[in-house]
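>>> 3D, please:
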Amino acid sequence: MKTRVLLRDLVAAAGIVNSCATWAATPSTSIFGGPSTPAREVQDLSIFVLSICALIFVGVSGLLVYALVRYRARPGENAEPPQVFGSVQIELAWTIIPVLIIVTLFLGTARVLFSVQDARKPASAVDVIVVGHQYWWEFRYPQYNVVTANELHVPLSSHESPRPTFMKLTSADVMHSFWVPQLGGKTDLLPNRVNEMWVDPLKTGLYLGQCAQFCGMQHAKMLLRVYVDTPDQFQQWIASQQKTQSEAAGITEEINARDGRLVFEQQACINCHTVAGTVANGRYGPDLTHLMSRETLAAGAVTNTPDHLKAWIEDPNTFKPGSLMPAMHLTDRQNAQITAYMLTLK
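Numbers count the residues shown, from 1 in each chain. As a prediction, this is how the structure comes out:
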């Protein structure tokens, strides 16, 4: 028993180290320089506000230093300096200037709010329904009848051929928050309410995100990844995701995988997960139809490798203590068979 606990702890430690290494090698989560219109407009507004605040700071500091130097007490001066009561010019200055600053900040902020929140949705836009769960993300593409989890794929947009992604966000349980710093638009997901946001990435690549609202024990590991694909890559990804596993080639050639499918379908797994083309149609957990097309497991907690997948199936708490997915306490052979089947879900 002690040996098994020690082995589990070693696997967990290896998973954490691997996860840290993965995140260290992935793109920055900086909020600056985002290649998306909402992120860029918010950043420009932030720089504008910061510039005005800097001018105010320099002006007030300069006046303060001037007053300290100009009206300092000099050696031999014991008399009280002349007292001046009331100045129309000064009172007008400290009234009109702040009003102008506030109006300028208000107009600049209102312009960005209307530009982002009331943006026109073009016919070429991609619709995505985002559902937050404890502790993973569900992404649905109603235009293409595709469902995936934790890894959001969106097409590249451009000024010449705009193709933004419009998202409707809601929660299946508690409050979550969708935040991809470089794409902007941090938006909360609330039960029984639908919020909306949009992004139009102008550069391909991988962008990292995070649930930004404390939602329970595993909030810190409710990670997400946004892949911005070229139009051709996006269409290829959609086509591969639209295939059901009954159409996938090779599954009947691997007897271990075939046995693993039987074990999977005979366990409670099918009550929580969906595998298109099979009897598994659960909606509580992530859709597993194309599990192996994703680079990570457990909402970005670890990389999606056969060893990590097997350890996750054996005991999800290995990588994500407090996970709502229970350990099924299957035999080593059954775990190996299910793993072999999962590896065919591409």
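
>>> And the strands in the stretch 51-200 of the chain?
126-133, 136-141, 146-149, 151-155, 165-171, 176-179, 187-189, 195-199 (DSSP state E, counting those that start in this stretch).

>>> could you redo the ones you listed as JSON lines and give each row mean pLDDT?
Below are these laid out as JSON lines (pLDDT from 0 to 100):
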{"stretch": "strand 126-133", "mean pLDDT": "92"}
{"stretch": "strand 136-141", "mean pLDDT": "92"}
{"stretch": "strand 146-149", "mean pLDDT": "89"}
{"stretch": "strand 151-155", "mean pLDDT": "93"}
{"stretch": "strand 165-171", "mean pLDDT": "92"}
{"stretch": "strand 176-179", "mean pLDDT": "93"}
{"stretch": "strand 187-189", "mean pLDDT": "92"}
{"stretch": "strand 195-199", "mean pLDDT": "91"}
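
>>> I'd like those strands laid out as TSV, including mean neighbour count and distance to residue 262.
C-beta coordinates here come from the backbone N, C-alpha and C atoms, glycine included. What follows is these, written out as TSV (neighbours: other C-beta atoms under 10 Å; distance: least, C-beta to C-beta, whole Å):
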stretch	mean neighbour count	distance to residue 262
strand 126-133	20	28
strand 136-141	21	26
strand 146-149	22	24
strand 151-155	23	28
strand 165-171	20	35
strand 176-179	24	35
strand 187-189	20	37
strand 195-199	19	42
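
>>> And the ones you listed: which comes nearest residue 61?
strand 176-179 (35.1 Å; C-beta to C-beta).

>>> Kindly reformat the strands of the stretch 51-200 of the chain as TSV containing distance to residue 334.
Output for those, formatted as TSV (distance: least, C-beta to C-beta, whole Å):
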stretch	distance to residue 334
strand 126-133	26
strand 136-141	24
strand 146-149	23
strand 151-155	27
strand 165-171	34
strand 176-179	33
strand 187-189	35
strand 195-199	42
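
>>> And the host helix or strand of residue 271, what's buried?
Using DSSP states H and E, residue 271 sits in helix 269-272. Within helix 269-272, the residues that qualify as buried are 269, 270, 272, counting by 16 or more other C-beta atoms under 10 Å.

>>> Need the residues that contact that helix.
264, 278, 279, 280, 281, 282, 283, 284, 285, 325, 328, 338 (C-beta atoms under 8 Å, 6 or more residues apart in numbering).

>>> Where is pLDDT lowest across the residues you listed?
The lowest pLDDT within the contacts of helix 269-272 belongs to residue 328, with 72.

>>> That one: which element?
Residue-wise, residue 328 maps onto no helix or strand under DSSP H and E.

>>> Against residue 124, how distant is it?
44 Å (C-beta to C-beta, to the nearest Å).

>>> Could you check which of those two is surrounded by more residues?
residue 328 (16 against 11; other C-beta atoms under 10 Å).

>>> So which residue is smack in the middle of the protein?
Nearest to the mean C-alpha position of the chain, by C-alpha atoms, centre = their mean, lies residue 209 at 2.8 Å.

>>> Using the three-state scheme, assign it.
On the three-state scheme (DSSP: H, G, I helix; E, B strand; the rest coil), residue 209 is labelled strand.

>>> residues in contact with it?
Contacts of residue 209 (C-beta under 8 Å, 6+ apart): 29, 178, 179, 180, 181, 183, 223, 224, 225, 226.
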